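> What follows is a predicted protein model with its sequence.
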Amino acid sequence: MAQLLESMPGASTGQVVVTDHLNFWGGCRVKPKDGINAEPVHEPATGRKLCDMFPCGKEEVDQAIQSAHTAYLKWSKMAGMERARVMLEAARIIRERRDNIAKLEVINNGKSITEARVDIDVSWQTLEYYAGIAGTLAGQHIQLPGGSFAYTRREALGVCVGIGAWNYPFQIACWKSAPALACGNAMVFKPSPFTAVTAVILAEIYKEAGVPDGLFNVVQGGAETGTLLCNHPGVAKVSFTGSVPTGKKIMEMSAKTVKQVTLELGGKSPLIIFKDCELENAVRGALMANFLTQGEVCCNGTRVYVQREIMPVFLEEVVKRTKAIRIGDPLLENTRMGALITRQHLDKVLGFVSQAKKESMTGTPHFVSNFICNSTSMYSNIDNCTDDMTCVKEEIFGPVMSVMPFDTEEEVLKRANNTTFGLASGVFTRDISRAHRVAENLQAGTCFINNYNISPVEVPFGGYKQSGFGKENGQVTIEYYSQLKTVVVEMGDVDDYFNC
Ligand SMILES: NC(=O)C1=CN([C@@H]2O[C@H](COP(=O)(O)OP(=O)(O)OC[C@H]3O[C@@H](n4cnc5c(N)ncnc54)[C@H](O)[C@@H]3O)[C@@H](O)[C@H]2O)C=CC1
Ligand SMILES: C[N+](C)(C)CCCC(=O)O
């Protein structure tokens, strides 16, 4: 893989073939055991086969978990400051190789190179941030009568499993592994079978930075491999990013051995635009909320509520800007929207758009489709939607923005909250009291005021309702990757309570 990265500077879509093994445990890449059941992985931008992915079976999953356990025993005994030093070195290497990793991520996922570079920057920043926290992990000292006392220790959980989605492959691996490793855990990570290629690069970088062999491992596979991981008695925690139905299964499987779980699930987030907004910012915010990574973003603000008085001018602008988004080969510098993950996913997204055309009595779908190489990308604004339309109720996970008019704050809050999801939300207004009141009353894990989809690593991220629970990023995530032990110390004699 190192060779592949070196050969990347001249790479363009349609050229790279990955032949290296994509599993990693015990400190090195591991050849698939049987070399059977190969699943082709395609380059989204061209539809070309990029490599074969061989799903890991029980024996391989056992090996990866065993190797993680061995590394955990060493790593968890190191001082936080020692762990921090290794993590900072890994962050430095990612930063140094940022452009090449970003290129491979484009080939892996289909997003534009501009966005992929941001993802890789967020990735090394995540490692730096949690390296900074590793040395600060501490407990509390509690005084008790007679000189006795108690103290708490913040301890690692053990072997944590990370299960990733295909929309931010490298970044998700960092969002999960950085806090896990900072707390002294080891991780076995399973990327999505659609984006099998970049997680192993992270494993190599951790190794190069000096983590013990087995600390960060990659097993390839889909639902079956994921099931083996979630049912494994040697796993203490599962952190999952993906769809709600799979999240529910993961919770069920984890319940059998009472594993801790973090679930980052889907969304159908509302973005509320009041008539007193700064219109230019609101329009840009609506694009940010809908079209990053071809719309394949869990926290996207796909239900855009616009106060009726400004609907015509908002729509005119937003449609004009949407049509001007440069769709194309994702490795070209000018491209701002690349390819959807697979042909099947594109068909699913197009299905939502044609369903909207059928369901809409008054709305106008503004629909544009572009062909890039063998694959396709598209985007659509659907105006004057009603809350009961399928495109307004269900997660589309594509570049489709649904726009609805509203009249009052009270009404829009009710409509915005009328969903089983609760990942994110947004509001554009110049009225600061209204902004904070709306933020308080929206039932979602994040509310963006006068912007959207800004998520620096310092800021906790996670859902309400069926969008999941647990947080990623921010200081609080330490609590989801560690456990608190209480030690009670008697300085006097034990009471003769039983008087015997
Ligand atoms: N919230 C988010 O960030 C994401 C939401 N989605 C939504 O889900 C839809 C389907 O996409 P998928 O990739 O099929 O999502 P998914 O939720 O099925 O897959 C996500 C991850 O879970 C793994 N997985 C699947 N079944 C599993 C099981 N039974 N046990 C353990 N692991 C399992 C997959 O291999 C993958 O690594 C998308 O169209 C989109 O609407 C997809 C990806 C990310
Ligand atoms: C980076 N951000 C905020 C645009 C999206 C991250 C959440 C996801 O995995 O979809």
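That came in fine, so what should we check first? Ligands and ions are numbered 1, 2, ... in the order given.
> Around ligand 1, pick out the residues from the stretch 251-400 of the chain.
Residues of the stretch 251-400 of the chain lying close to ligand 1 (Cβ under 6 Å from any ligand atom) are 265, 266, 298, 395, 397. In this view, the C-beta of every residue, glycine as well, is placed from N, C-alpha and C.
> So how do I select the buried members of these in ChimeraX?
To isolate the buried members of these in ChimeraX, using 16 or more other Cβ atoms under 10 Å:
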select :265,266,298,395,397
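> which parts of the chain sit against ligand 1?
Residues of the chain lying close to ligand 1 (Cβ under 6 Å from any ligand atom) are 163-167, 190, 192-193, 222-223, 226-227, 230, 241-243, 246, 249-250, 265-266, 298, 395, 397.
> same for ligand 2: which of these are within range?
Within those, those near ligand 2 by Cβ under 6 Å from any ligand atom are 167, 241, 298.
> among the residues of the chain next to ligand 1, which are in helices?
Judged by DSSP state H, these include 223, 226, 227, 230, 246, 249, 250 as members of helices.
> Now the buried members of these.
Buried subset of these (neighbour count, 16+ other Cβ under 10 Å): 226, 230, 246, 250.
> Can I get those residues in JSON lines including distance to residue 479 and pLDDT?
Converted to JSON lines, those look like this (distance: Cβ to Cβ, whole Å; pLDDT from 0 to 100):
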{"residue": "226", "distance to residue 479": "25", "pLDDT": "98"}
{"residue": "230", "distance to residue 479": "21", "pLDDT": "98"}
{"residue": "246", "distance to residue 479": "24", "pLDDT": "98"}
{"residue": "250", "distance to residue 479": "20", "pLDDT": "98"}
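> and of these, the nearest to ligand 1?
residue 226 (2.2 Å; Cβ to the nearest ligand atom).
> In contact with the closest one, which residues?
By Cβ atoms under 8 Å, 6 or more residues apart in numbering, residue 226 lies in contact with 163, 190, 246, 250.
> what's around residue 458, how many residues?
Applying other Cβ atoms under 10 Å, we find 10 residues neighbouring residue 458.
> Spit out the contact partners of it.
When the contact criterion is Cβ under 8 Å, 6+ apart, the partners of residue 458 are 129, 473, 474.
> Tally up the residues packed near the first one, please.
By the criterion of other Cβ under 10 Å, residue 129 has 21 neighbours.
> Repeat that for the last one.
Residue 474 sits with 18 neighbouring residues when counted by other Cβ under 10 Å.
> ok, it to ligand 1 distance?
Distance, residue 474 to ligand 1, by Cβ to the nearest ligand atom, to the nearest Å: 18 Å.
> Verify the stated contact: that residue with residue 461.
Yes. Taking Cβ atoms under 8 Å as the definition, residue 474 is a contact partner of residue 461 at 7.4 Å.
> Can you name the residues of this structure sitting close to ligand 2?
With Cβ under 6 Å from any ligand atom as the criterion, the chain comes near ligand 2 at residues 167, 168, 172, 241, 292, 297, 298, 299, 453, 455.
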